[in-house]
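Q: Here is a sequence with its predicted model. Questions after.
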Amino acid sequence: MTSTTNTTNRTGGLAGKVALITGGSRGIGAAIARRLARDGAAVAVTYNASPEKAEAVVREIEAAGGRALAVRADSADVGAVRNAVATTVETFGGIDVLVNNAGILVHGTVDQYSIDDFDRMVAVNVRAVFVAVQEAARHLKSGGRVINIGSMVADRTGFPGVSVYGMTKAAVASLTRGLAIDLAPRGITVNNVQPGPTETDMNPKDGPHYDLVVNMLPVKRAGTADEIAGMVSYPRQCRGGLCYRGQPDDRRRPHRVTDATTASPPLPVADRTLIARRDTDVEQKCGGNLVAPEGVTV
Ligand SMILES: NC(=O)c1ccc[n+]([C@@H]2O[C@H](COP(=O)([O-])OP(=O)(O)OC[C@H]3O[C@@H](n4cnc5c(N)ncnc54)[C@H](OP(=O)(O)O)[C@@H]3O)[C@@H](O)[C@H]2O)c1
């Protein structure tokens, strides 16, 4: 099912731009869609099981004067992912920002994990990211942005039952670095936002690990989907694809190396507005991992 809205001229930092967010019907993806629409982009969202929620996101963006599109696309289906990119380009005349957000978490320890679940986790969380980037790269121009939604679990696992999920998110982190190098010559950056525990359907307050995980965090609370959306909004503000430490508007100070990903919980939080990034030459120039382990607000 596909629906579009076409209204008004937008004037934010993404005015005239087009963004595709996979898994934009609920949770973090829906918040990213609202945020990028507020920033001025025409926004396409994919969904799989929640058509009504995807339509509600479209209607909300439309009501605020934006342009939006909902496309059914199971991320496990290579053809559907390619079609979502093609439909976005056909409808809005191009694509400038791709956010690979759709993800699933099937819990289970090694003794009970099914191979079908393993394969679906890899297909949705990893293969779909590659397929979407491959398809979008045919249309992205210089200044284009790819932002993947990884997880801090790529670097640390604090409880049983998430080995396969963590593996998929580690794969996304590595894929991000490689794709950043592949696409840098074309002026396209690739970044990986790695949220910590964030309150959504995937990580509900009454879930089995919520209290355990939140208590490992210095701030003793989960992040919100809107906070992660703020992280996603950030890289498109980076001048020339370079990211800087500090508040989004503080572009005079080059960011300092801070690798929060190597620390064990509790995480060091010197500055809650800090965007901690691994700092290699390549990543400075064309992308890398943005770590938001404690629900960073930007
Ligand atoms: N919540 C956290 O604590 C947390 C922490 C770190 C990273 N993350 C990551 O953040 C991303 C979003 O997570 P969330 O917490 O917002 O999860 P969520 O509330 O469960 O929402 C998942 C979204 O992905 C979509 N989706 C799921 N399977 C799909 C498929 N096969 N094809 C297309 N879309 C699909 C869902 O759409 P439908 O309902 O329409 O299928 C929904 O819009 C994921 O990549 C997740 O791994 C989450």
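A: Sure thing, it's come through.
Q: Restrict stretch 73-83 to CA atoms and write it as CSV.
A: Output in CSV follows, covering the C-alpha atoms of stretch 73-83 (Å, rounded to 0.1, in the frame of the first residue of the first chain):
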residue,chain,number,x,y,z
ALA,A,73,8.3,-3.0,2.3
ASP,A,74,9.3,-6.1,4.4
SER,A,75,13.0,-5.5,5.0
ALA,A,76,13.6,-9.2,4.7
ASP,A,77,12.5,-9.0,1.0
VAL,A,78,15.2,-7.7,-1.2
GLY,A,79,12.8,-6.7,-4.0
ALA,A,80,10.5,-4.8,-1.6
VAL,A,81,13.5,-2.8,-0.2
ARG,A,82,14.6,-1.9,-3.7
ASN,A,83,11.0,-1.0,-4.6
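Q: next one: it to chain centre, how far?
A: 17 Å (Cα atoms, centre = their mean, to the nearest Å).
Q: Buried residues of that stretch, list them for me.
A: 73-78, 80-83 (16 or more other Cβ atoms under 10 Å). (C-beta placed from N, C-alpha, C; glycine too.)
Q: now swap in stretch 44-54 and tell me
A: Those would be 44-48, 50, 53-54, for stretch 44-54 by 16+ other Cβ under 10 Å.
Q: that older thread, let's see which of the buried residues of stretch 73-83 end up in helices.
A: 78, 80-83 (DSSP state H).
Q: What is the neighbour count of the residue in the stretch 51-200 of the chain positioned nearest to the ligand?
A: When scored by Cβ to the nearest ligand atom, the stretch 51-200 of the chain has residue 103 as its residue closest to the ligand, at 2.2 Å. Residue 103: 26 surrounding residues under other Cβ atoms under 10 Å.
Q: Ok, residue 160 next?
A: A count of nearby residues for residue 160, using other Cβ under 10 Å, gives 11.
Q: so it touches residue 109, yeah?
A: Yes: under the criterion of Cβ atoms under 8 Å, residue 160 makes contact with residue 109 at 5.3 Å.
Q: if we can go back for a sec, can you narrow the buried residues of stretch 44-54 to ones near the ligand?
A: Restricting the buried residues of stretch 44-54 to those touching the ligand (Cβ under 6 Å from any ligand atom) yields 46-48, 50.
Q: just to revisit the earlier point, got the ones in helices among the buried residues of stretch 73-83 as a markdown table, with pLDDT and distance to residue 194 columns?
A: Output for these, formatted as a markdown table (pLDDT from 0 to 100; distance: Cβ to Cβ, whole Å):
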| residue | pLDDT | distance to residue 194 |
| --- | --- | --- |
| 78 | 98 | 25 |
| 80 | 98 | 26 |
| 81 | 99 | 22 |
| 82 | 98 | 26 |
| 83 | 98 | 28 |
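Q: what does the stretch 151-298 of the chain have sitting close to the ligand?
A: Neighbours of the ligand within the stretch 151-298 of the chain, by Cβ under 6 Å from any ligand atom: 151, 195, 197-198, 200-203.
Q: among those, which are in strands?
A: Among those, the residues falling in strands (DSSP state E) are residue 195.
Q: what's the farthest-apart pair in the residues of the stretch 151-298 of the chain next to the ligand?
A: Greatest spatial distance among these (Cβ to Cβ): 151 and 201, at 15.2 Å.
Q: where in the chain is pLDDT low?
A: 1-12, 235-298 (pLDDT under 70).
Q: still on that earlier bit, residue 151 and residue 201 - which one has more neighbours?
A: A side-by-side neighbour count of residue 151 and residue 201, using other Cβ under 10 Å, places residue 151 first with 27 against 9.
Q: Could I get the contacting residues of that one?
A: Going by Cβ atoms under 8 Å, 6 or more residues apart in numbering, residue 151 touches 103, 165-166, 169, 194-195.
Q: hmm, try it at 10 Å
A: Going by Cβ atoms under 10 Å, 6 or more residues apart in numbering, residue 151 touches 103, 105, 125, 162, 165-166, 168-170, 172-173, 192-198, 202, 293.
Q: what's the answer for residue 41, then?
A: Neighbouring residues of residue 41 by Cβ under 10 Å, 6+ apart: 10, 12-21, 33, 35, 61, 66-68, 92, 96-97, 233, 236.
Q: Farthest-apart pair in the ones next to the ligand among the buried residues of stretch 44-54, please.
A: 46 and 50 (10.6 Å).
Q: picking that back up, from the contacts of residue 41, which land in helices?
A: Those of the contacts of residue 41 lying in helices (DSSP H): 33, 35, 61, 92, 233.
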